[in-house]
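1. I'd like to go over a predicted model; first the sequence, then the structure.
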Amino acid sequence: MKSHPMMALAVAAGMAAIAVSGIAGCGQPGHASGPARRAPVVAASHPAAPSTSAPAAATAQPAPAVTATGAASGAADPVPSASADTGIEVYANCESPSFEPSAFRVTCADAGWTLADLVWTSWTSTSASATGVLVYNDCIPSCADGHFHQVPGTKVVLADPQPSAAGQLVFTRLTETPWPPGYTTGPLHGAPFPLPTRPI
C-alpha cells in the first residue's frame, strides 16, 4: 500500500508537535518550568557594623524600639567572648539588667536619649566599651514635638559596677562621645551619666 505524500507530511508534522510539547513541559535542573520566579530576598543575619569614623552630622530619624532585654527589635542575642565578664550587667531598658545590649535607653523618663546598633569591643569586671548610634530628641520646639536625630560612630563606656537592689552587679556610670546637644552644658558636662541600679 502506497502512502500518500500529504498523509506522510501530516504525520511528520504531528510527531514534531508532540516532540515540541514534550520538551516544553520538561524543566532543566535549576530552572523553573512555569512562570518566571523571583530570586528570594535574603535578609542579612547581622546588621552592618556602625562607622568608627568621626561622628557624622545628625540626621532626623525615629527613635529605635527597645525590647525588654535592652536589645533593638529583631536583633540577635549577644554572644560573649572568652574574656567577657558575664557576671556584670546593665539596666539598658530601665526595667531589667542585661548583658551586652544592642540598644540602650539612657533617659528612662522619655527615651529622648538612646543608643542603637551597639557593637561591644570589651566587657570586663571594671568597664565595658562599645560603638553605636546616638539617637536623641532635639526638643525643638518642645520635647513633645521635637525631632529625633542619629549620630553614628558614637563611643560608649560603662563603668563603676555596683550591686543592684537585687544583688546583681550592674554598671552605674555611662560616658559617651559625643554627648547629645543640650547635655553638654550644666552639671553633667564632662562627667559620667548615672545609670539605674533598680527598675525604673
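-> Received it, and whenever you're ready, just let me know what you need. Numbering: from 1, shown residues only.

2. what's the weakest-modelled helix or strand in this protein?
-> Scoring the helices and strands of the chain by mean pLDDT, DSSP states H and E places helix 5-24 at the bottom, with a mean of 42.

3. What's the first helix or strand after the strand ranked longest in the chain?
-> Using DSSP state E, we find that the single longest strand of the chain is strand 148-163. Using DSSP states H and E, the helix or strand that follows strand 148-163 towards the C-terminus is strand 169-177.

4. List the buried residues in stretch 96-113.
-> Buried residues in stretch 96-113, counted by 16 or more other C-beta atoms under 10 Å: 97-106, 111-113. Every residue, glycine included, has its C-beta placed from N, CA and C.

5. Revised request: answer the last question for stretch 151-161.
-> Buried, per 16+ other C-beta under 10 Å, within stretch 151-161: 151-158, 161.

6. So for it, mean pLDDT?
-> Averaged across stretch 151-161, the pLDDT comes to 96.

7. what does stretch 104-113 give?
-> 92.

8. Need the distance between the two termini of it.
-> Stretch 104-113 has an end-to-end distance of 9 Å (C-alpha to C-alpha, to the nearest Å).

9. now what about it, what contacts it?
-> 63, 66, 70, 90, 92-94, 114-116, 118, 132, 134-137, 139, 143, 146, 156, 174, 176, 180, 183, 193, 195-196, 200 (C-beta atoms under 8 Å, 6 or more residues apart in numbering).

10. of those residues, buried ones?
-> Using 16+ other C-beta under 10 Å as the threshold, 63, 66, 70, 90, 92-94, 114-116, 118, 132, 134-137, 139, 146, 156, 174, 176, 180, 183, 195-196 are the buried ones among the contacts of stretch 104-113.

11. Which element, helix or strand, includes Thr107?
-> According to DSSP H and E, Thr107 maps onto no helix or strand at all.

12. Equivalent analysis for Val135, please.
-> Val135 belongs to strand 127-137 when assigned by DSSP H and E.
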